[in-house]
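Engineer: Have a look at this prediction, sequence included:
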Amino acid sequence: MLQATEIADLILKGFRRHFGLFQKITALAQQGFAQRNWLELQRISSERISYYDLRVNETLALLQQKLTGTELNECLWQQVKQQYQQYLLFHPQAELAETFYNSVFCRLYERKYFHNQNIFVESTLSKQRLPAPVASVYESYFPAQYGLKQSIRTIVASFHLQAPFVDLERDIRLLVRTFIGQSSHGHFPVHLVRFDILKSLFFRNKAAYIVGRVVTPDGQQPFIIPLLHDDERGIYMDTLITDPQQMTIIFGFSRAYFMVEMTVPSALVHFLKELLPHKTLAELYSSVGLHKQGKTEFYRELLTHLDKSADQFVAAPGIRGMVMMVFTLPSFPYVFKVIRDKFAPTKEFGRDTVKERYLLVKKHDRVGRMADTMEYSDVALPLNRFSPELLDELKQSIAGSMQIEDDRVIIKHLYIERRMLPLNLYLEQASYEQKVKMMADYGQALKDMIAANIFPGDMLLKNFGVTRHGRVIFYDYDEVQYLLDVNFRFIPKTDNYDDLLSNEPWYSVGPGDVFPEQITTYVTAQHDIRQMLIQSHPELMDAAYWQEKQQRIRDGIVEDVFPYPEHQRFQSLYPAEYAKADGLSTMPPSEQA
């Protein structure tokens with residue numbers, strides 16, 4: 001029989017293997033960016049999402065080979081947990097190792113054993129005493145020592161970008177000018193200024209991001225500097241982001257996870273929390289690719305909220321979905337989605353297909369237009385927090401996915417997303433100007449997804465939501481597929497009057513056929529809303545547009561989708577600077593400094 005120390009050793013060894021491999025694949029992003037290998041960056045981003053479950057399953061298989069019987073020996077496992085806790089004292093990834101332990105245990109045993117004596121429902125780590133000081137993840141630079149521009153050169157050189165800048169001096173000049181114009185901190189003399197810069201770059205899509213803050217006697221000013229490639233000429237700074245709302249959107253739930261190297265995740269997240277105080281720990285851990293830790297932190301946040309609130313779960317506002325039953329807690333900004341036992345006849349697929357499509361979106365570049373989802377199994381929620389009306393509806397729609405145990409509702413499989421106001425409900429109460437703006441953003445959301453090789457399938461307005469920042473986000477994935485898997489066609493012309501009056505099409509329609517000319521008809525029955533979409537994005541009704549986008553994807557072209565407005569880019573702010581001949585910096589940044 002295995003001893004407690006042996007089990008703890010085996011689980012910690014599994015975690016170390018996971019984190020080592022996760023760091024190794026994340027480190028490939030630096031080279032992918034330097035070589036402009038965007039398809040490789042997409043592969044890395046997608047592939048590493050599965051790493052956690054693979055390592056948990058490996059560890060689980062080793063344990064099952066050595067454990068005798070399937071019954072839980074609670075005395076033994078409490079000893080295992082105590083031993084494991086000792087290993088985590090000052091461990092640089094202690095909170096992640098706790099989550100890994102939970103995952104292994106929960107796949108070994110039944111839900112009734114999921115309590116704090118056996119697993120880390122509550123973290124044993126002190127939030128005040130981090131495994132390493134926060135200062136270990138950032139470097140401080142003092143312009144008083146070398147001057148402002150030289151400090152920026154030194155910062156850039158510290159990242160060893162392995163590619164030249166198009167015109168570093170131009171970028172530094174524009175960076176300083178923009179900061180002085182945007183920030184109240186820009187008026188301080190250099191001897192009263194300090195830069196705190198995270199040591200690791202944040203890679204996503206086709207960009208690398210420098211993240212840091214300026215510290216002055218007035219306080220701190222967080223900022224983000226996106227770095228892009230200009231074809232084969234080199235790297236350039238695209239803009240300076242200091243607006244808190246824009247920074248929040250860049251780290252938002254509708255984007256792919258950043259690829260960022262880190263040795264002490266808690267220190268990195270603590271620094272980000274200081275820059276983005278309105279972001280939760282769950283959101284920040286997820287944003288840097290540690291989505292399993294994000295799930296752990298979110299569940300703790302949910303339990304804390306349930307203890308401090310008294311309202312009841314109710315059905316989410318809006319039109320009921322044919323695949324998902326959706327409910328929410330009004331005081332908590334999330335929705336809970338459960339796959340229905342039976343789908344409407346028009347939905348010609350099953351539960352496994354829905355799970356596959358949600359995973360597809362999870363692993364894909366969400367380009368700021370698709371909500372991230374957290375997937376849970378065997379979630380226990382207080383029975384007295386469900387309204388009677390909701391409970392009756394759940395029993396009718398998801399009886400196969402839930403059961404009631406004493407004072408708990410157990411949901412076997414659950415998705416959780418950020419709550420948004422459904423677009424169709426938003427439009428009902430919007431002014432004319434708001435409708436025009438929102439339909440333009442709806443069309444842009446479609447274009448952004450198209451650029452990322454995603455076809456949403458069901459484009460009804462009820463399947464899109466409006467965030468608190470006024471952005472349109474897609475959140476219903478049961479009909480999602482790759483754009484390349486769709487056959488976009490023109491509606492054949494006919495001179496037959498009877499054909500035009502017929503309720504049935506006079507042309508053959510294959511299972512993968514889509515006719516863009518009909519998009520507005522399916523999107524909404526309201527004529528004025530249709531016209532707004534047509535006026536802002538007429539090309540969406542043209543099959544040739546969709547076919548062209550498909551061809552670009554087949555050609556390996558990865559489109560630019562910026563997480564900040566076009567007008568904030570240096571090229572838009574300072575067109576005269578870009579009209580000049582750019583001087584290609586032939587030396588790598590490390591030598592330029």
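Structural biologist: Received the coordinates, thanks.
Engineer: Would you check that E566 makes contact with L573?
Structural biologist: No. Under the criterion of CB atoms under 8 Å, E566 is not in contact with L573, lying 10.4 Å apart. C-beta here means a position set from N, CA and C on the backbone, and glycine is covered the same way.
Engineer: what about those two, which has more around it?
Structural biologist: Higher neighbour count among E566 and L573: L573, with 16 against 9, using other CB atoms under 10 Å.
Engineer: host element of R36?
Structural biologist: Using DSSP states H and E, R36 maps to neither a helix nor a strand.
Engineer: how about it, what does it touch?
Structural biologist: Counting by CB atoms under 8 Å, 6 or more residues apart in numbering, R36 makes contact with 206, 229, 232.
Engineer: And the last one, how far from E6?
Structural biologist: Noted for E232: a distance of 55 Å to E6, by CB to CB, to the nearest Å.
Engineer: Ok, the first one next?
Structural biologist: For K206, the distance to E6 under the criterion CB to CB works out to 47 Å.
Engineer: The two: who's more crowded?
Structural biologist: When neighbours are counted by other CB under 10 Å, K206 and E6 differ, and K206 comes out ahead with 21 against 14.
Engineer: isn't the more buried one right next to L228, touching?
Structural biologist: Yes. Distance between K206 and L228: 6.6 Å, which falls inside the contact criterion (CB under 8 Å).
Engineer: Strands along the stretch 151-300 of the chain, start to end?
Structural biologist: 194-198, 202-204, 207-216, 219-229, 235-237 (DSSP state E, counting those that start in this stretch).
Engineer: closest one to E375 among those?
Structural biologist: strand 202-204 (21.6 Å; CB to CB).
Engineer: who touches the closest one?
Structural biologist: 29-30, 32-33, 41, 45, 208-209, 211, 255-260, 288.
Engineer: Among the residues you listed, name the ones in helices.
Structural biologist: Those of those mapping onto helices are 29-30, 32-33, 41, 45, per DSSP state H.
Engineer: before we move on, back to that, could the contacts of R36 go into TSV alongside pLDDT and distance to I155?
Structural biologist: Shown next, in TSV, are the contacts of R36 (pLDDT from 0 to 100; distance: CB to CB, whole Å):
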residue	pLDDT	distance to I155
K206	96	21
H229	93	19
E232	79	25
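Engineer: Just give me the closest of those residues to K355.
Structural biologist: Distance to K355, by CB to CB, is smallest for K206 among the contacts of R36, at 29.8 Å.
Engineer: How about that closest one: what's its closest non-neighbour residue?
Structural biologist: Excluding the flanking residues, the one nearest K206 by CB to CB, 6 or more residues apart in numbering is W38, at 5.4 Å.
Engineer: Quick check, pLDDT for the one you found.
Structural biologist: W38 is assigned a pLDDT of 96 by the prediction.
Engineer: Test my guess that it contacts V558.
Structural biologist: Yes. Using CB under 8 Å, W38 is in contact with V558, at 3.9 Å.
Engineer: Mutual contacts of those two, please.
Structural biologist: Both W38 and V558 are contacted by 205-206, under the criterion CB under 8 Å, 6+ apart.
Engineer: who touches both of K206 and L228?
Structural biologist: Common neighbours of K206 and L228, counting by CB under 8 Å, 6+ apart, are D560.
Engineer: How about the backbone phi and psi for the nearest residue to F223 once chain neighbours are set aside?
Structural biologist: Counting by CB to CB, 6+ apart, T242 is the residue found nearest to F223 once chain neighbours are left out, at 4.9 Å. Note on T242: backbone dihedrals following degrees, to the nearest 10 are phi -120, psi -10.
Engineer: Correct me if wrong: T242 contacts P222.
Structural biologist: Yes. Under the criterion of CB under 8 Å, T242 makes contact with P222 at 7.1 Å.
Engineer: Stretch 213-223 spans what distance, first to last residue?
Structural biologist: Across its full length, stretch 213-223 reaches 6 Å between end residues, using CA to CA, to the nearest Å.
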